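# here is my input; please provide its structure:
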Amino acid sequence: MSTNEIRALSEAELQELVAASDSGARSPAGPVGVFIAAVALSWSIFQVLLASPVAPYLLPGDLINNSRQIHLAFAMFLAAMTYPLFKSSPRDHIPFYDWALGIAGAFLALYGYFFYDKIVANGGLADTTDAYFALAGLILLFISAYRVLGPVMVILAVVFLSYVFFGSSEAVPDQIRWAGASLRKAMSHMWITSEGVFGIALGVSTKFVFLFVLFGALLDKAGAGNYFIKMAFGALGHLRGGPAKAAVVGSAATGLISGSSIANVVTTGTFTIPLMKRVGFSAEKAGSVEVASSVNGQIMPPVMGAAAFLMVEYVGISYVEVITHAFLPAIISYIALVYIVHLEAVKNNMPTIGNKVVNLFRTILGMFGFFAGFALLCYATQYPVSWIVSLFPEGSGWLLSVLLGLVYVALVYFAAQTPDLEPDDPNAEVVELPDIAKIYRSGLYYLLPIILLVYFLMIERKSPGLSAFWATFLLFGILLTQKTLKAFFRGKENSISRLKDGLIDLKDGMIDGARNMIGIALATATAGIIVGTVSLTGIGQVMADFVEFLSGGNLILMLIFVAILSLILGMGLPTTANYIVVSSLMVGVVVELGAQSGLIVPLIAVHLFVFYFGIMADVTPPVGLASFAAAAVSGGDAIRTGFTAFFYSLRTVALPFVFIFNTDLLLIDVTWTEGIIVFIVATIGILIFTAATMGWFLTRNRIWETIAMLLIAFALFRPGFFMNQIQPPFEDIAPADFVETLGAAEPGSQLRTVISGPDFDTLAVKDVTVPLTVPEGDSAEARLETLGIMLVPNGDIQQLDEPMFGTELSDTLSSFDFYGDDPVQISSVQAASDQMPKQLVFIPALLLLGLIALLQSRRAGRSQAGEEGAPA
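I've put the predicted structure just below:
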C-alpha cells in the first residue's frame, strides 16, 4: 500500500458511512429498534395518505392543515432516536437524554397543532407563554439539526436569529442596523406563523419531497439500482475506460431515484471503482469519476434532490417548466463526463474488459436509441389513454388500472424467463460483461413506475405530489408481488409464501424512505429561520447593496461572489439547505444587478446557478463528503480525490455562467426546432471545452490549440457576444420619441428601457433596465394604458408617475421613490435592430475546429506510424 493510499472500507463499513450521513448511525436491536421502525413506518404511511386523492376523506382536516408540524415532529423525534448527539454517545441503545429531547422536540413541533384555537383567537400572534415554548422549540430544533447536519447550519441560523434580536445594537454597523424585534414578535414570526420554520421550504418538504425520496427508496429496494448498473456496464463495459463510462451512466440513472450524492457514490462505486482501478485508473481518479458522476445525479431531472420543488414555489412556475429548463444542462454535463473518462482512457492507453468486439458507433446508437425510445414511450402513452378515456368516460380509471396491471404481469413473466440479477464481484479474477440481450428483460417492469411518474407530470400535468403518489402506489404493488409472480411463472412450489418477502421489502423500503428524509426535513426547517429573518428584517436589500458594493456593480464579479459563497456554505450544509440560504439572500441581488447592467436575467437561471454551485460543495475539499465517501471505497487520498473530482467537474462550474448569459441553454422561449439545434451545438461546445481542459483532442493539444478550442467553445455557447461586436443588437431612440416608437412597433416586439430615479430606501439615483413587450392596441395611448405606464412629459424628459396598481410594472418599479424631489424618468430607449442571425458565428468557429482536427489527425498518424516502426 502506498503512502498516498488508505485502507478501502469494507461493505459493512461503507453502509455504516452512508447511514451516518443519510439515515442515522444508530439502529438499536430489540423492542426499541422495533419501536423506531414503527415510528418511521408511520411517518411514511402518513405522508402517503396525505398525498393521496382520498386524503380529505381519510384524514381529519386539522391533520391536513397542520401537516408541516406533524412532518417536523416525526423528523425531530427520529433524529433523537437515530443520530447520536455526541461522538461518544452509544450506538446500540438510546440514552435517557435522547428520549427526553425526542419527545420534547416532537411536542414543541406540534405546539401550533395542539393550541391552534388559542393562537387563532390571538390573531396568529404569540403571547408570552407561546413565545417561551417557541423559543424552546427553536433550541431543540438547533440540537436536532446539529446532530444530523453538523454545526455549520446551526451556527448560521443562530447568527441570523441573533440579528433579529440584537440588530439595533450599536455594535452592529450602521449599514445593516435595524429596529430589532421583541421576543413575542420574533417567535410569532419564526415558530407560530408560516413565515419562518414552518414556511415554504418545510411545506415543500412535506408536500412533495418526501414522496419522491420514498419513491427512490422503494425503487432501489425493488432492485432497480442493480439493474441500472448492470445495464450500463453491459452497454459500455467493453469500451476503453468502460467501467468509468458505466459509472457515469449508472450514476445518471441512479440519480433519477436518489437525491443523495453519498448514497449514489457508495451504491455504484463499490462495483465500478475497483473495475476502474483494474483497467488503469489510479485510486484517486477512479474515485473522482464516481464523485463527479454521482454528484451530478442531483441536477438530473425529474427529482433533482429537493431543489426542483423549492424552485416551483420560489420562482412561481410549474414543476414541468423547472425540469424542462434544467434538462439540457444536465444531459450535456453527463455527455461531457463520458468524454472526460474516454480521453483519460485514450491518453493512458487503457485496456478493455471482456472479449466483445468494440463497435463505438453501434454502442452510441444503441444508447441513444434506448433513451429516445424511453422518451417516445412516455410521450406516446397519452394516445391510447385518451382513446380509452373517450370510449369509457365513466370507468376509464379502473380500466386503465387493470390494463397497467396486465402489462406489469406480462413484463414480470418476461423477466421470469431469465435468472434474477445478482451483484457482481468486481474483484473476481475474470470479470464477465453482462449480456444486455439476456439481462434487459429481467428489469423492464422497473421502468413502469418511472413512465407513470413522467406521464402524470409531463402529460397530465398533475401536481408533483399526486404524480409521485401514483408512481409510489404502483411500486407498492411491485414490491408486494414481484417475487411471488416470478416464483409462480418459474413453476416453483409455495409461490404464495413469497408474499411475505414482498411485504418485508415494502416495509423496509418505507422505513428507509422515512429515515432518508430526516436530514432534508430538518434542513428545510432550519433554513426557514434564515428565510424568516430576511422577510422580518429586510436585510435582503441591505445584502444586495453590500454585494453590489463588493462587486463594484460588475455582474461577472457578482456571480463569482455568489458561487464562492455557495461553495463555502456548502462545506457545512446539505445541498437543499445551501440552496435555500443562498437563493434567499442572493437571487434578487443578481437579478437586480443584471437589470442595472442591461442584462435581463430570468429568475430560474439564477436559481439554477445557485443550485449548481451548491452541489459542487459535495465535491470541493476540504469538506466534500462525496469525495470522502469515494476515497473510502477506492482506498485513495480523500483530498486528492476531491481536487481531481473538481477538475473533472469544471464543466459543471462553467455551465451556470453560460446559461446566465445565454438562456437558450435553459430552453427559454425557444421552439422545438431551435431546441434541437441548441442541444446539438451545446453538446459540441461542451465536448470541445472538455477536450481543451483535458489537454487532449485527437492527440495531445498544443497550447495555441487549447486556447483556440476554449474560444470555439465560447463562440458556440455565446454566439451573441461576437455578433453584437459586429452588429449592435439594439438601436438607440431618444426618450422623447418613446410614445411614437411604442405606437409604431409590432405587437410582441420588445423595447428595452432604462428607468432612472431615486431608490425608495436610500434616495440614491439608480438605473434599472426594464424590457417592455409591446402589447396589442390601436394607438400608443391604448398600449401605454395596457402596460400601466403613466407619462408626465417635461420637455425632452419623459417623467414617469407611479404605475397603475396591479400591473407588472407596478412590481418591477416598486423600489423607486415616485414622490421624492428627483423625478423617475425614462433615460434610455432601445429597439431591436435588424441584426444578422447570431448562428452565423458557428461557421468560422467550426472551420477553426476542423483545422485543429486536421492538424491533430496528421500528428496522431505520424505518432502511430512511429510507434509501429519502432523496434520491439
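# pretty sure residue 468 sits against residue 213.
No: the criterion here is CB atoms under 8 Å, and residue 468 misses it with residue 213 at 9.3 Å. (Each C-beta comes from the backbone N, C-alpha and C, glycine too.)
# more neighbours: which of those two?
Regarding residue 468 and residue 213, a neighbour count based on other CB atoms under 10 Å identifies residue 468 as having more, with 32 against 29.
# which residue ranges of the stretch 751-872 of the chain form helices?
When assigned using DSSP state H, counting those that start in this stretch, the helices of the stretch 751-872 of the chain occupy the ranges 780-787, 808-812, 842-869.
# need the least confident one among those, by mean pLDDT.
In terms of average pLDDT, helix 808-812 trails the rest of the helices of the stretch 751-872 of the chain, at a mean of 77.
# now residue 745: closest residue in space that isn't a chain neighbour?
The shortest distance from residue 745 to any residue other than its chain neighbours is 4.5 Å, reached at residue 774 (CB to CB, 6 or more residues apart in numbering).
# what's the answer for residue 40, then?
For residue 40, the nearest residue in space outside its immediate sequence neighbours is residue 514; the separation is 3.8 Å by CB to CB, 6+ apart.
# again, but for residue 467
Using CB to CB, 6+ apart and skipping residues adjacent in sequence, the residue nearest residue 467 is residue 456, 3.7 Å away.
# go on, residue 313?
The shortest distance from residue 313 to any residue that is not its chain neighbour, by CB to CB, 6+ apart, is 4.9 Å, and that residue is residue 200.
# enumerate every residue touching that neighbour.
Taking CB atoms under 8 Å, 6 or more residues apart in numbering as the definition of contact, the neighbours of residue 200 are 310, 313, 314, 528, 531.
# most neighbours of all the residues you listed, which one?
Sorting the contacts of residue 200 by how many neighbours each has (other CB under 10 Å) puts residue 528 first, at 30 neighbours.
# now the helix or strand that that one is a member of: buried residues?
Using DSSP states H and E, the element containing residue 528 is helix 498-537. The neighbour-count criterion (16 or more other CB atoms under 10 Å) identifies 498, 502, 505-534, 536-537 as the buried residues of helix 498-537.
# just stretch 104-119 next, same as before
Neighbour-count burial for stretch 104-119 [16+ other CB under 10 Å]: 104, 105, 106, 107, 108, 109, 110, 111, 112, 113, 115, 119.
# show the average pLDDT along that stretch.
The average of the pLDDT scores along stretch 104-119 is 91.
# what does that stretch contact?
62, 66, 69-70, 72-74, 76-77, 79-80, 125-126, 130, 133-134, 136-137, 140-141, 143-144, 191-192, 198.
# distance between that stretch and the chain's centre?
If you compare the mean C-alpha spot of stretch 104-119 with that of the full chain, they lie 32 Å apart, counting by CA atoms, centre = their mean, to the nearest Å.
# so how far does that stretch reach from one end to the other?
Start to finish, the residues bounding stretch 104-119 are 20 Å apart (CA to CA, to the nearest Å).
# state the phi and psi torsions of the residue lying closest to residue 168 once chain neighbours are set aside.
With CB to CB, 6+ apart as the measure, residue 180 is the residue that lies nearest to residue 168, at 3.6 Å, once sequence neighbours are left out. Backbone torsions of residue 180, given as degrees, to the nearest 10, read phi 80, psi 170.
# contacting residues around residue 180?
Neighbouring residues of residue 180 by CB under 8 Å, 6+ apart: 164, 165, 166, 167, 168, 169.
# how near is it to residue 538?
Note on residue 180: its distance to residue 538, by CB to CB, to the nearest Å, is 12 Å.
# could you pull out the helices for the stretch 401-550 of the chain?
Taking DSSP H, counting those that start in this stretch as the criterion, the stretch 401-550 of the chain carries its helices at 436-439, 447-454, 464-489, 498-537, 539-551.
# make a markdown table from these and add distance to residue 688 and mean pLDDT to it.
Listed next are the helices of the stretch 401-550 of the chain as a markdown table, based on distance: least, CB to CB, whole Å; pLDDT from 0 to 100:
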| stretch | distance to residue 688 | mean pLDDT |
| --- | --- | --- |
| helix 436-439 | 31 | 82 |
| helix 447-454 | 32 | 88 |
| helix 464-489 | 36 | 92 |
| helix 498-537 | 38 | 89 |
| helix 539-551 | 30 | 71 |
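# distance to residue 823 for those helices - can I get that in TSV?
Formatted as TSV, the entries for the helices of the stretch 401-550 of the chain read as follows, by distance: least, CB to CB, whole Å:
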stretch	distance to residue 823
helix 436-439	71
helix 447-454	53
helix 464-489	47
helix 498-537	31
helix 539-551	22
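# for residue 774, grab phi and psi.
Note on residue 774: its backbone torsions stand at phi -70, psi 120 [degrees, to the nearest 10].
# toward the C-terminus, what is the element adjacent to the strand or helix carrying residue 119?
In the assignment (DSSP H and E), residue 119 maps to helix 116-121. Downstream of helix 116-121, the first helix or strand assigned by DSSP H and E is helix 128-149.
# next, count neighbours for residue 298.
As a burial measure, residue 298 scores 26 neighbours (other CB under 10 Å).
# tell me how far it lies from residue 670.
Separation of residue 298 from residue 670 (CB to CB) stands at 25 Å.
# repeat for residue 292
When distances are taken as CB to CB, residue 292 and residue 670 turn out to be 28 Å apart.
# swap in residue 498?
Taking CB to CB as the criterion, residue 498 is separated from residue 670 by 50 Å.
# that older thread, in PyMOL, select just the buried ones from the contacts of residue 180.
For anyone working in PyMOL, the buried entries among the contacts of residue 180, judged by 16+ other CB under 10 Å, can be selected with:
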select buried, resi 164+167
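# what's the closest of the contacts of residue 180 to residue 678?
Nearest to residue 678 among the contacts of residue 180 is residue 164, at 45.2 Å by CB to CB.
# and stretch 779-796, which residues are buried?
780, 783, 784, 787, 788, 789.
# mind saving the C-alpha coords of that stretch as CSV?
Extracted C-alpha coordinates of stretch 779-796, given in CSV (Å, rounded to 0.1, in the frame of the first residue of the first chain):
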residue,chain,number,x,y,z
SER,A,779,-52.9,53.6,-30.5
ALA,A,780,-49.8,54.4,-28.4
GLU,A,781,-52.2,55.7,-25.7
ALA,A,782,-54.0,52.3,-25.5
ARG,A,783,-50.7,50.4,-25.3
LEU,A,784,-49.5,52.7,-22.6
GLU,A,785,-52.7,52.0,-20.6
THR,A,786,-52.2,48.3,-21.1
LEU,A,787,-48.6,48.5,-19.8
GLY,A,788,-49.7,50.6,-16.9
ILE,A,789,-47.3,53.4,-17.8
MET,A,790,-48.3,57.0,-16.8
LEU,A,791,-46.1,59.5,-18.5
VAL,A,792,-45.5,63.1,-17.4
PRO,A,793,-43.7,64.8,-20.4
ASN,A,794,-41.4,67.6,-19.3
GLY,A,795,-39.7,69.0,-22.4
ASP,A,796,-37.3,66.3,-23.7
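# residues in contact with it?
Residues outside stretch 779-796 that contact it (CB under 8 Å, 6+ apart) are 734-736, 738-740, 742-743, 772, 774-777, 798-804, 806-810, 823.
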